[in-house]
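[1] Give me the fold of what follows.
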Amino acid sequence: MPETDLIWMSLVVFLPTAFALVLLFFPRGTERWMRWWSLFGTALTLGVSLAMTIQFKNDTVDSRVVRTEPYTREKASLQYRALLAETRAEQANPPDSKDWLASYPWVPRFHINYELGADGISVPLVLLTTLLSFLAMIASWRIDKFVKGYCVLFLVLETGMLGTFLALDFFLFYIFWEVMLLPMYFLIGIWGGPRREYAAIKFFLYTLLGSVFILIALLAFYFTDVRDFVSPARVEQAAEDLLRDARQRGEPLTPPRARERVVINTFDLVVLQRVGKAALEHLNHQPVTTALSVNGAKAELDRVRGTPQEAEARKAREAAERGLRRGWGSRSSRRPSSTRCSGSCWSASPSRSPCSRSTPGCPTPTSRRRRRSA
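    Purely as a prediction, here's the structure:
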């Protein structure tokens, strides 16, 4: 059964494009109906986004009692819901239709997924975008030049804007970003003001530069190994795939060696956000909290060591033992040596370097006075 949240998000993103496709079949001379059809499409998208906002609030805010119990606010966050979705996938449970996260393979060879998600920032932006699009369509009512082309580009532009707010796959986000820029360029260049050509070229140059940097960042993030920031089950699955490929090629490969050779590349923005947060914590000299493998190892170590009370008692015993050893070490450093004097007693005080007169080679006080007078 398809996820309800996926239906809501996909509907609000691609509904304007559906109206734009139907608009292509309108015959010439029906410009008035083209305007009404485009206005109806933006109004319907606004209504769907409003219903999606209400449903999102019911599923993530009200159901988790975030407003009355602020300490549960973390349970409504995107990262928490993503971890729950990964846990459900590891246990082979069906996806939750109320977590407002959906991910389905799109190009598995390059780890590209059709992944959409919503949080407390993206949902208000989606609602604001649909409202402004509806108002902008009303303001464009007097346009009489290439009405069909204007309406089609306007509706495609709305799809691009909405997709950038809901995409959780970096590659999918980049596609929506480019889909948003191309109609905007033509809308400015054809239906703009007196200096529309200059404004369109300037817009194209600035957005082209930004797109190049986004593409470079996209490739840099993709070729980064993020195995420490995904679930251990995903690493085990990748290791099994390596073992299967090695058996097919006749290459000897052991399971431990396969785990060491696992490299996880992804466009998942949730995982990349964990990587960025870990880098920030590392730069601020704070313990890394977003590495799932490290957290799992710590939890397993705590489980082996015992309860938290036992761990605290063990830490206290270890601290006492370290202090005791430190005390014995400082005493032994002040203990007089039984070996031949090294001559340091010429400059050191007797209290810090007590030399015995019976020690071979140690000068007596009389010999000291004689040498000083000489």
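
[2] quick one: the closest residue to R81 other than its chain neighbours from D225, how far?
    Spatially, and ignoring its direct neighbours in sequence, R81 is nearest to D99 (4.6 Å; C-beta to C-beta, 6 or more residues apart in numbering). Every C-beta, even on glycine, is put in place using the N, C-alpha and C of the backbone. To D225, D99 is 27 Å away according to C-beta to C-beta, to the nearest Å.

[3] Which one of the two is surrounded by more residues?
    D99 (20 against 12; other C-beta atoms under 10 Å).

[4] contacting residues around that one?
    5, 59-60, 81, 84-85 (C-beta atoms under 8 Å, 6 or more residues apart in numbering).

[5] same thing but at 10 Å, please
    By C-beta atoms under 10 Å, 6 or more residues apart in numbering, D99 lies in contact with 3, 5, 59-60, 78, 80-82, 84-85, 88, 117-118.

[6] Over to the residue nearest to R81. Which of the three states is it?
    Under DSSP: H, G, I helix; E, B strand; the rest coil, the three-state class of D99 is coil.

[7] tell me the phi and psi of it?
    Main-chain torsions, D99, degrees, to the nearest 10: phi -90, psi -10.

[8] looking at this, N93 is in a strand?
    No - if the criterion is three-state DSSP, then N93 is coil and not within a strand.

[9] That one against T87, yeah?
    Yes - under the criterion of C-beta atoms under 10 Å, N93 makes contact with T87 at 8.4 Å.

[10] Contacts only, for R244.
    253, 258.

[11] Would you mind measuring from it to T17?
    R244 is 40 Å from T17, by C-beta to C-beta.

[12] ok, now G41?
    9 Å.

[13] Neighbour count: those two, which is higher?
    G41 (25 against 19).

[14] Retrieve the pLDDT associated with the nearest residue to that one once chain neighbours are set aside.
    Distances taken as C-beta to C-beta, 6+ apart put F19 closest to G41, at 3.2 Å, once the chain neighbours are dropped. On pLDDT, F19 comes in at 96.

[15] Phi and psi next, for P105.
    phi -60, psi 140.

[16] For V263, which residues are in contact?
    223-227, 235, 238, 242.

[17] Buried members of those residues into PyMOL, please.
    To isolate the buried ones among those in PyMOL, judged by 16 or more other C-beta atoms under 10 Å, type:
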select buried, resi 226+227+235+238+242
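
[18] so which of the contacts of V263 comes closest to L23?
    Closest to L23 out of those is F223 (40.9 Å), distances taken as C-beta to C-beta.

[19] Now do the contacts for the closest one.
    With C-beta under 10 Å, 6+ apart, F223 has these contacts: 263, 265.

[20] cutoff 7 Å now
    Listed by C-beta atoms under 7 Å, 6 or more residues apart in numbering, the contact set of F223 reads N265.

[21] Just the pLDDT for it.
    Taking F223 on its own, its pLDDT is 91.

[22] what's the spacing between it and L243?
    23 Å.

[23] and if you look at L50?
    50 Å.

[24] pretty sure L15 is touching V48, no?
    Yes - between L15 and V48 there is a contact under C-beta atoms under 7 Å: 6.2 Å.

[25] Compare these two and say which one has the larger neighbour count.
    Neighbour totals were compared for L15 and V48, and L15 leads with 22 against 18 (other C-beta under 10 Å).

[26] show me the contacts for the more buried one.
    41, 44-45, 48.

[27] follow-up on the earlier one: got any residues that touch both of G41 and T17?
    Once C-beta under 7 Å, 6+ apart is applied, the residues that G41 and T17 both contact turn out to be L155.

[28] where's A18, which helix or strand?
    helix 4-23 (DSSP states H and E).

[29] in that helix, what's buried?
    5-6, 8-17, 19-20, 23.

[30] what's the closest of those residues to T164?
    For the buried residues of helix 4-23, the nearest to T164 is V13 (9.7 Å; C-beta to C-beta).

[31] The closest one reaches T159, doesn't it?
    Yes - between V13 and T159 a contact is recorded at 6.0 Å, counting by C-beta under 7 Å.
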